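# Predicted model and sequence follow; I will ask about them next.
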Amino acid sequence: MSSSVAAVPFEAPRGSGVWLSWLVLILVLLALAALALGASVGSTGFDSLLRARHDAVAWQIVWDIRLPRTLGAWLAGALLGLAGAVAQGLFRNPLADPFLLGSASGAALAVALVFAALGTGGGMVAGSGGSIALLQAASPWLARVGFTGAAFVGALGGVLLALVLARGVQQTLRLLLAGVVVGFVLGAVRDLVQLAQPDVLQAMQGFTLGVTGFVGWGACGVMAAVLAPLLLLAWTLARTLDALSLGEATAQSLGLPLAPLRALLIAVLALATGTAVAQTGLIGFVGLVAPHLARALARCTHGPLLLLSTLVGGLLLMAADIAARVVIAPQELPVGVLTAVLGGLYLLWLMHRRAAGGGAA
C-alpha cells in the first residue's frame, strides 16, 4: 500500500493539473529557447547573441529583423493554434481548421484586388517576399495599411458571407457547408482577377506561400494586442465547447444560450485568423495540427486545450520559421511550404497509427 502511494507523484496522469502545469511551463521554456535561437540564425549563419552585442550593425540586425520576425512567427502560430482549437470544438470535427469559413479565400481575394488596383508590373520584385516588396515600392503607406488592412477585412468578409449564407449560427452543419462554398467561390473570383491581370499572380506568390520575413515590431504589437483578449474570451467560452462536444441536444438541455455563444466563438475564430493572415499570409496546417498535438500531450477539457493549442501553435510556427532559414541557407524557404509538408506528414502518420490501432482492435 505504501509503495503504491509513493509511486503516484512520479507518474501524474496526462490530464491532471500537475501535468498540465508542467506542460505549460515546458512549452513556454521551449518558446523562449527557440526565440533566442531564432535571433541567432540568419542568412549569414549562426551568430551568438553575446557576440552581436559588441557589433552595432549585427545587434541592429538582431533587434530590428530577427527578434520581431521570430516573435511574430510565435504570435501568428499562437493565433492560428487558438483558432484551430475553437474551430474543431465548434464544429466537432478534428479536421476543421481556421480557414474553414472562407477567411483564407476572402483575405487572398482582397489582397489580389489591391494588387490589381495598383497595376503591378512584372519587372518589379517578386518571390517569397515579393508581395510586400511590391507594396513598399508603390507606397510605404499602402505597405502598412493597404496590404494588412485588405487581408484582415477580406478574411472577416469571407466569414460574414458564410454567416449570411448559413442564415446565422443556429445550425453548425449549414454554417460548415456555407464556409466551404464561400471558400470555393471567393477562390474562383481571385483566379479571375489573376487571369485578368497576370502580373497579380506573380505579386501574390509571397502572400499565398506565407512569409514571416517582413514582420516587424508593429505587427508583433498588433498580434499580441489581439491574442491576449481573444485567448481570455475563448477561455471563458470553453464550457460551451465542452457542452457542444456532447451534442446539440445535451448542450441545449444545460440551458446554454447557444446562438450568442456560437456567435462569440465564431468572432474569436474570425479575428484570430484574420489577424494572423494579415501579417504573415496564408500559412496552412498550423491551426489544424496544433490542437491534435495538444490533445496528444494531455487529456483535458477545452479550457486547458485552448491554452495548450495556442502554445503549441506558436512553437510550431516559430520552429518552422527557423528551419526555413536553415534548410537551403543562405536562401530561405517560404515558411508556409514547410508547414504544409511537415503538417501533411504528421497527419498521414496519425492516420496510419489510428488505422493500425483499429486493425489491431
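Sure, I can see it.
# Count the neighbours of residue 66 for me.
Look at residue 66: counted by other Cβ atoms under 10 Å, it has 20 neighbours. In short, each C-beta sits where N, CA and C put it, glycine included.
# Give me the three-state assignment for it.
Following DSSP: H, G, I helix; E, B strand; the rest coil, residue 66 is assigned to helix.
# and the gap between it and residue 337?
Residue 66 sits 21 Å away from residue 337, taking Cβ to Cβ, to the nearest Å as the criterion.
# name the element the residue nearest in space to the middle of the chain belongs to?
Closest residue to the average C-alpha location of the chain: residue 80 at 2.3 Å, with Cα atoms, centre = their mean. Counting by DSSP states H and E, the element that carries residue 80 is helix 67-91.
# how about low-confidence regions in the stretch 151-300 of the chain?
Judged against pLDDT under 70, the stretch 151-300 of the chain has no low-scoring part.
# What ranges does it have for its helices?
Using DSSP state H, counting those that start in this stretch, the helices of the stretch 151-300 of the chain run over residues 172-196, 198-203, 205-209, 217-236, 238-244, 248-253, 258-280, 286-297.
# Now find how far off-centre stretch 165-172 is within its chain.
If you compare the mean C-alpha spot of stretch 165-172 with that of the full chain, they lie 24 Å apart, counting by Cα atoms, centre = their mean, to the nearest Å.
# Any idea how far stretch 162-173 is from the middle of the chain?
The answer for stretch 162-173 is 23 Å, by Cα atoms, centre = their mean.
# Quick check: which of the helices of the stretch 151-300 of the chain is nearest to residue 159?
helix 258-280 (4.1 Å; Cβ to Cβ).
# orientation of that closest one relative to helix 67-91 in degrees?
150 degrees (axes from the mean of the first three to the mean of the last three Cα atoms, to 10 degrees).
# For the helix holding residue 80, name the packing helices and strands.
helix 17-40, helix 172-196, helix 217-236, helix 238-244, helix 258-280, helix 286-297, helix 302-326 (3 or more Cβ pairs under 8 Å, 6 or more residues apart in numbering; DSSP states H and E).
# I'd like the mean pLDDT over it, please.
Regarding helix 67-91, the rounded mean pLDDT is 94.
# Could you do stretch 308-328 as well?
92.
# Nearest residue to residue 315 in space, please, no chain neighbours.
In space, and not counting its chain neighbours, residue 315 is closest to residue 31: 5.3 Å by Cβ to Cβ, 6 or more residues apart in numbering.
# I should have written residue 155 there, sorry.
residue 274 (3.5 Å).
# Look at the one you found and say how many residues are nearby.
27.
# circling back to that earlier point, who wins for proximity to residue 75 among the helices of the stretch 151-300 of the chain?
Per Cβ to Cβ, nearest to residue 75 of the helices of the stretch 151-300 of the chain: helix 217-236, 3.9 Å.
# The closest one: how far from the chain's middle?
13 Å.
# just stretch 273-283 next, same as before
7 Å.
# Kindly format the C-alpha coordinates of it as CSV.
In CSV, the C-alpha atoms belonging to stretch 273-283 read as follows (Å, rounded to 0.1, in the frame of the first residue of the first chain):
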residue,chain,number,x,y,z
THR,A,273,-7.4,34.0,-38.3
GLY,A,274,-7.8,37.4,-39.9
THR,A,275,-5.0,39.0,-37.7
ALA,A,276,-2.6,36.1,-38.4
VAL,A,277,-3.3,36.1,-42.2
ALA,A,278,-3.0,39.8,-42.5
GLN,A,279,0.6,39.8,-41.0
THR,A,280,2.0,36.6,-42.5
GLY,A,281,-0.1,35.5,-45.4
LEU,A,282,-1.6,32.0,-45.8
ILE,A,283,0.2,29.6,-43.6
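# circling back to that earlier point, so what's the residue nearest to the centre of the chain up against?
98, 272, 273, 276, 283, 286, 287, 290, 313, 317 (Cβ atoms under 8 Å, 6 or more residues apart in numbering).
# how much space between the nearest residue in space to it that is not next to it in sequence and residue 251?
Among residues not flanking residue 80 along the chain, residue 287 sits closest, at 3.9 Å (Cβ to Cβ, 6+ apart). Residue 287 sits 24 Å away from residue 251, taking Cβ to Cβ as the criterion.
# From the neighbour counts alone, determine which of these two ranks first.
residue 287 (34 against 20).
# isn't that one right up against residue 78?
No: in this structure, residue 287 is not within contact of residue 78 by Cβ atoms under 8 Å, at 10.3 Å.
# what is in contact with those two at once?
residue 313.
# Neighbours of residue 239, how many?
16.
# Same check on residue 164?
Neighbours of residue 164 using other Cβ under 10 Å come to 11.
# again with residue 325
23.
# Residue 214 now?
23.
# Would you check how far apart it and residue 91 are?
Applying Cβ to Cβ to residue 214 and residue 91 gives a distance of 32 Å.
# Nearest residue to residue 333 in space, please, no chain neighbours.
residue 324 (4.4 Å).
# pretty sure residue 98 belongs to a strand, no?
No: applying three-state DSSP, one finds residue 98 to be coil, outside a strand.
# Identify the residues contacting it.
Taking Cβ under 8 Å, 6+ apart as the test, what residue 98 contacts is 80, 83, 84, 87, 104, 269, 272, 273, 276, 287.
# mind running it again at 6 Å?
80, 83, 84, 87, 273, 287 (Cβ atoms under 6 Å, 6 or more residues apart in numbering).
# For it, give me phi and psi.
The phi/psi pair for residue 98 (degrees, to the nearest 10) reads phi -60, psi -20.
# One more: the one 4 residues further on?
Backbone torsions of residue 102, given as degrees, to the nearest 10, read phi 90, psi 10.
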